[in-house]
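Colleague: Could you look at this predicted model? Sequence included:
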Amino acid sequence: MASQQNSAREAAGGNPVASRRSPIRRLQRHASRRVVTGFLLLVPLGITVWVSYFVFSVMDGVFRGEDGILRFMVRDRPWDFWGVGVVITLFLLYITGAFLAGKRVRRWEDALLSKIPIFGSIYSVSRQSIDALSSSTGQHFSRVVFVDWPRPGTKALGFVTGHLHGGLSGGVPMVVVYIPTVPNPTSGMLTWVPEDDVINTDITVEDAMKTVFSGGIVLPDEVTTAGIAALTPPGGTA
């Protein structure tokens, strides 16, 4: 009988201990959410600032540092300020692009540097990578597709990096698709897929890279493909 009365009082007035804890828990949850939100906002900004500062410091040190190339021309002069190395670097890049660009210079550079042992291999790989990223033909790393990987029925996001117009041994035309590893796109799988088996998308390379880096957390608002009407509804949630 006494227990029934206690239950009735608790039902009517609530548990005093639970009532005291409830505001504290709400405050803890509120503070935790705000801290996590601040972390997600500030960490990318902090990383961007740190990387930019590091790159600027290295570029400045090459010309203005204690062992800098132009230290004797910069130190204790009116133009001796932090960041002058960046200005010099940009100026040199402009001069190189304005006066040393062209097929003739490119052929001379390839013929000279590619024949140096060890160094030539590094140069060739670097040159091919730069050409792939800067190609204006739209055939290198500039087309986002879906392919059946690792088994039929499972779609994997990939980048078209090349074409085999004659196919394998004169077969159907094929495309070379690079499937990046999440969240590190510098490693992945390379597969040859028939052109008809590739699902073309309207996803930009930038949006696809964001998806890879975030492990699928950051998704395009909408994906339109030739074979799938919409993989992602508006709002970016699967």
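Modeller: Cool, the structure landed.
Colleague: Which of the helices or strands spans the most centrally placed residue in the chain?
Modeller: With distances taken as CA atoms, centre = their mean, the residue of the chain nearest its centroid is residue 209 (4.5 Å). For residue 209, the host element (DSSP states H and E) is helix 205-213.
Colleague: Only alpha carbons, please: show that helix as CSV.
Modeller: Taking C-alpha atoms only, helix 205-213 is exported to CSV below (Å, rounded to 0.1, in the frame of the first residue of the first chain):
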residue,chain,number,x,y,z
VAL,A,205,35.6,16.5,-60.4
GLU,A,206,35.7,18.9,-57.5
ASP,A,207,32.4,17.6,-56.0
ALA,A,208,33.6,14.0,-56.5
MET,A,209,36.9,14.7,-54.7
LYS,A,210,34.9,16.2,-51.8
THR,A,211,32.9,13.1,-51.6
VAL,A,212,36.0,10.9,-51.6
PHE,A,213,37.9,13.0,-49.0
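Colleague: Let me know the next secondary structure element after the longest helix belonging to the chain.
Modeller: Counting by DSSP state H, the longest helix found in the chain is helix 16-64. The helix or strand immediately downstream of helix 16-64 is helix 71-74, counting by DSSP H and E.
Colleague: Residue 189 contacts residue 159, doesn't it?
Modeller: No. Look at residue 189 against residue 159 with CB atoms under 8 Å: they stay out of range, at 11.4 Å. Where you see a C-beta, it was placed from the backbone N, CA and C, and this is true even at glycine.
Colleague: sorry, back to before: what's the helix holding residue 209 packed up against?
Modeller: Here helix 205-213 touches strand 144-148, strand 155-164, going by 3 or more CB pairs under 8 Å, 6 or more residues apart in numbering; DSSP states H and E.
Colleague: go with 10 Å
Modeller: Under the contact criterion of 3 or more CB pairs under 10 Å, 6 or more residues apart in numbering; DSSP states H and E, helix 205-213 touches strand 144-148, strand 155-164, strand 174-180.
Colleague: between those, which one is nearest to residue 91?
Modeller: Nearest to residue 91, of all those, is strand 155-164, at 34.0 Å by CB to CB.
Colleague: Can you check what angle separates the closest one from strand 174-180?
Modeller: Relative orientation of strand 155-164 and strand 174-180, computed by axes from the mean of the first three to the mean of the last three CA atoms, to 10 degrees: 140 degrees.
Colleague: which neighbours does strand 155-164 have in its sheet, and in what orientation?
Modeller: Here strand 155-164 has these sheet partners by DSSP bridges: strand 144-148 (antiparallel), strand 174-180 (antiparallel).
Colleague: Check which residues of it are buried.
Modeller: For strand 155-164, a neighbour-count test (16 or more other CB atoms under 10 Å) marks 156-161 as buried.
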